[in-house]
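*Asks:* here is a sequence together with a model predicted from it:
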Amino acid sequence: MPSDTSHLGKNGAIDFLSEYGHTSLVNLGAGRLLNRIDNHIRLMTQLNLTYYVGIDCGPYIELTSPHIFLDPRGMTELLTGYYQGKPQKFWDGIKVFSNTWVEELEGIHCAVVVCQRVYPDCRWEKAIASMTPKLVLQEDLHGCERQQLRGRGYVRTWTKIHQYGLQPFRPLPLFPWERNLILWRRRDFADDEIQASRWRVFWRLCEWFIG
């Protein structure tokens with residue numbers, strides 16, 4: 001089972017991420033119950049990360065949930081392959097820190113940042129940019145605050161949504177092109193593939209248009 005670090009609060013999160021943030025996916029505002037983290041696992045395995053870190057300003061974060069995965073069989077298969085036949089090792093890498101505000105993590109580098117169901121008026125752009133993540137995933141966007149990272153060293157990307165197999169868990173678009181998730185790429189992360197592509201001008205235009 002995962003290590004319960006909730007009692008450590010913000011100092012625990014700061015200490016842990018200061019040491020392990022470079023190999024961690026951090027779920028900002030994880031809520032009181034971890035759930036529907038399929039896309040987070042896809043990013044973890046694709047980027048070869050070790051830790052799943054949930055933080056929230058609330059008094060506690062439940063570590064397990066019957067709805068932690070939308071596709072339990074698919075996620076078990078993915079984790080089985082990633083951990084070489086021992087999917088239970090994933091649970092050892094889960095760390096949660098309650099009583100922690102996003103702004104308290106400013107300046108601490110983390111490999112990937114996820115924003116799920118962000119309450120209106122929560123503007124975390126400054127904090128997120130200071131964490132210099134390679135990727136920033138925003139999910140469940142209907143009625144939630146969208147973080148605008150354009151102009152802060154990030155561009156929105158469609159190509160990596162497909163590359164990492166990300167799937168919206170509530171695919172009810174308000175507009176035909178909307179997928180209820182946004183993925184931001186740090187400009188200097190994995191840019192070689194675009195530079196080498198014969199379609200690089202097209203992808204640059206796409207980034208300029210949607211970013």
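*Replies:* Arrived safely, thanks for sending. Just so you know, these numbers come straight off a predicted model, no measurement behind them. Residues are numbered from 1 along each chain as shown.

*Asks:* the strands in the chain, which residues?
*Replies:* 24-28, 51-55, 94-97, 112-116, 135-139, 154-156, 181-186 (DSSP state E).

*Asks:* quick check: phi and psi at the spatially closest residue to residue 80 that is not a sequence neighbour.
*Replies:* Among residues not flanking residue 80 along the chain, residue 87 sits closest, at 4.6 Å (C-beta to C-beta, 6 or more residues apart in numbering). Placement of C-beta: from N, CA and C, glycine included. Per-residue torsions, residue 87: phi -60, psi -20 (degrees, to the nearest 10).

*Asks:* which pLDDT value goes with residue 87?
*Replies:* Residue 87 is assigned a predicted lDDT (pLDDT) of 94.

*Asks:* okay, now residue 189: neighbour count?
*Replies:* A count of nearby residues for residue 189, using other C-beta atoms under 10 Å, gives 18.

*Asks:* and the residue nearest to it when sequence neighbours are not counted, how far from residue 98?
*Replies:* The shortest distance from residue 189 to any residue other than its chain neighbours is 4.3 Å, reached at residue 134 (C-beta to C-beta, 6+ apart). Relative to residue 98, residue 134 is positioned 26 Å away (C-beta to C-beta, to the nearest Å).

*Asks:* which of these two has more neighbours?
*Replies:* residue 98 (23 against 20).

*Asks:* pretty sure the more buried one sits against residue 58.
*Replies:* Yes: between residue 98 and residue 58 a contact is recorded at 5.8 Å, counting by C-beta atoms under 8 Å.
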